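# this one's structure only:
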């Protein structure tokens, strides 16, 4: 699929159910914001309580109880980040299931699919653990001044592209994380890493351009009235997130369905037909042909016997024993007449006198 086809098909998917998709994005934003607010309020309370206990002791250093509470707050912060990652992935997986299911079955989206990702909590949690581990390892590379940062950026870009379809695969095909990451690599390889990366970069550039336009509008309104600019600018960015985020899901879903039709596991590896031209979504395979019933054998015509011979029974398909050849009777065979005897010559006449 070309870049233009991806943008066009994604827009069609987005436009068809835009109100439901915007509502889903708002629901996700509100739920995640509430969870984050509650968790970080608890973490901040524990951290401030530990610091207060240490300072109340009249010492410049943390006491044992205060240091323990601060350490507990740090652990709670890490756990809270992980919980938010898993919850977000479950919701994103539900969005992918909404869009991909509606596209495959040519129907409107089902809002209940937004919460279907929690049925696959294990796979999303494993994905979150792996991504968190990669982020921690790459973060340690920042101890190197410039080289470490460059390596971290390159590795993160490479991983993000080859695992671009992990969430759609878990949502669409109910795969485990291990199966999904292998299949995602095959799909990206079938299209090409650079082509996939280019499509994602073009999408990001388009989003950045829209964000810059909104920022310019907000700044212009702020020059006229600071309060009005802040309020209108904040509303514009909320609307921007609610509108653009579902389109990103539709865009990646379109790339996923096009790449899935071209991947070795879907085309050719199991005897499937080659992908349809023009980047269209693959049609389901045709059902196998019905077995052909055997036809009855034609009856065998009995051999013609000469006249006068003993007739033989006609040969039918039910008779299993072979029939002996019929020999005509000797008596009925045509007889050759015996040769006629030679004719005798007449006697000589008597002598005269």
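Sure, I can see it. Everything numeric in this text was worked out from a predicted model, so none of it was measured. Residues are numbered from 1 along each chain as shown.
# Disregarding flanking residues, what is the spatial nearest neighbour of residue 214?
Distance criterion C-beta to C-beta, 6 or more residues apart in numbering; nearest residue to residue 214, sequence neighbours excluded, is residue 236 at 5.0 Å. (C-beta placed from N, C-alpha, C; glycine too.)
# which secondary structure element contains that neighbour?
When secondary structure is defined by DSSP states H and E, residue 236 falls within helix 226-262.
# what comes up buried for that helix?
By neighbour count with 16 or more other C-beta atoms under 10 Å, helix 226-262 contains the buried residues 229, 233, 236, 242, 244-262.
# All the helices of the stretch 101-250 of the chain, residue numbers only.
Here the stretch 101-250 of the chain has its helices, by DSSP state H, counting those that start in this stretch, at 121-140, 147-162, 166-173, 177-191, 193-224, 226-262.
# What distance do you get for the closest residue to residue 258 other than its chain neighbours to residue 174?
Once flanking residues are discounted, residue 258 sits nearest to residue 1: 4.2 Å by C-beta to C-beta, 6+ apart. Distance from residue 1 to residue 174, counting by C-beta to C-beta, to the nearest Å: 25 Å.
# Have a look at those two and say which one is more surrounded.
Set side by side, residue 1 and residue 174 show more neighbours around residue 1, with 20 against 13, by other C-beta atoms under 10 Å.
# before we move on, the earlier item: which helices and strands does the helix holding residue 236 pack with?
Helices and strands touching helix 226-262, by 3 or more C-beta pairs under 8 Å, 6 or more residues apart in numbering; DSSP states H and E, are helix 3-16, helix 18-56, helix 64-105, helix 166-173, helix 177-191, helix 193-224.
# So residue 185 sits against residue 164, correct?
No - between residue 185 and residue 164 there is no contact under C-beta atoms under 8 Å: 9.8 Å.
# Return the backbone torsion pair for residue 145.
phi -50, psi -60 (degrees, to the nearest 10).
# what's the angle from the least confident helix or strand in the chain by mean pLDDT to helix 226-262?
Between all helices and strands in the chain, the lowest mean by mean pLDDT, DSSP states H and E belongs to helix 18-56, at a mean of 81. Here helix 18-56 runs at an angle of 120 degrees relative to helix 226-262 (axes from the mean of the first three to the mean of the last three C-alpha atoms, to 10 degrees).
# by contact count, what packs against helix 18-56?
Partner elements for helix 18-56 (3+ C-beta pairs under 8 Å, 6+ apart): helix 64-105, helix 226-262.
# Residue 103: what's its closest spatial neighbour, skipping adjacent residues?
residue 13 (5.7 Å).
# Distance of that neighbour relative to residue 6?
11 Å.
# anything in contact with each of these two?
residue 254 (C-beta atoms under 8 Å, 6 or more residues apart in numbering).
# The two: who's more crowded?
residue 13 (24 against 20).
# In terms of pLDDT, where does that one sit?
At residue 13, the model reports a pLDDT of 91.
# wait, what's in contact with it?
Residue 13 is in contact with 99, 102, 103, 250, 253, 254, counting by C-beta under 8 Å, 6+ apart.
# Could you count how many residues lie near the first one?
The number of residues packed near residue 99 is 31, by other C-beta under 10 Å.
# What distance do you get for the residue nearest to residue 103 to residue 184?
Residue 13 is 20 Å from residue 184, by C-beta to C-beta.
# do residue 76 as well
Separation of residue 76 from residue 184 (C-beta to C-beta) stands at 33 Å.
# Show me the shaky parts of the stretch 151-300 of the chain.
224-226, 228-229, 261-300 (pLDDT under 70).
# can I assume residue 174 is in contact with residue 124?
No - checked against C-beta under 8 Å, the pair residue 174 and residue 124 is beyond contact range at 11.8 Å.
# what sits up against stretch 96-104?
Applying C-beta under 8 Å, 6+ apart, the contact partners of stretch 96-104 are 13, 16-17, 20-21, 24, 107-111, 113-114, 116-117, 167-168, 171-172, 249-250, 252-254, 256-257, 281.
# Report the buried residues of that stretch.
For stretch 96-104, burial by neighbour count (16+ other C-beta under 10 Å) applies to 96, 97, 98, 99, 100, 101, 102, 103.
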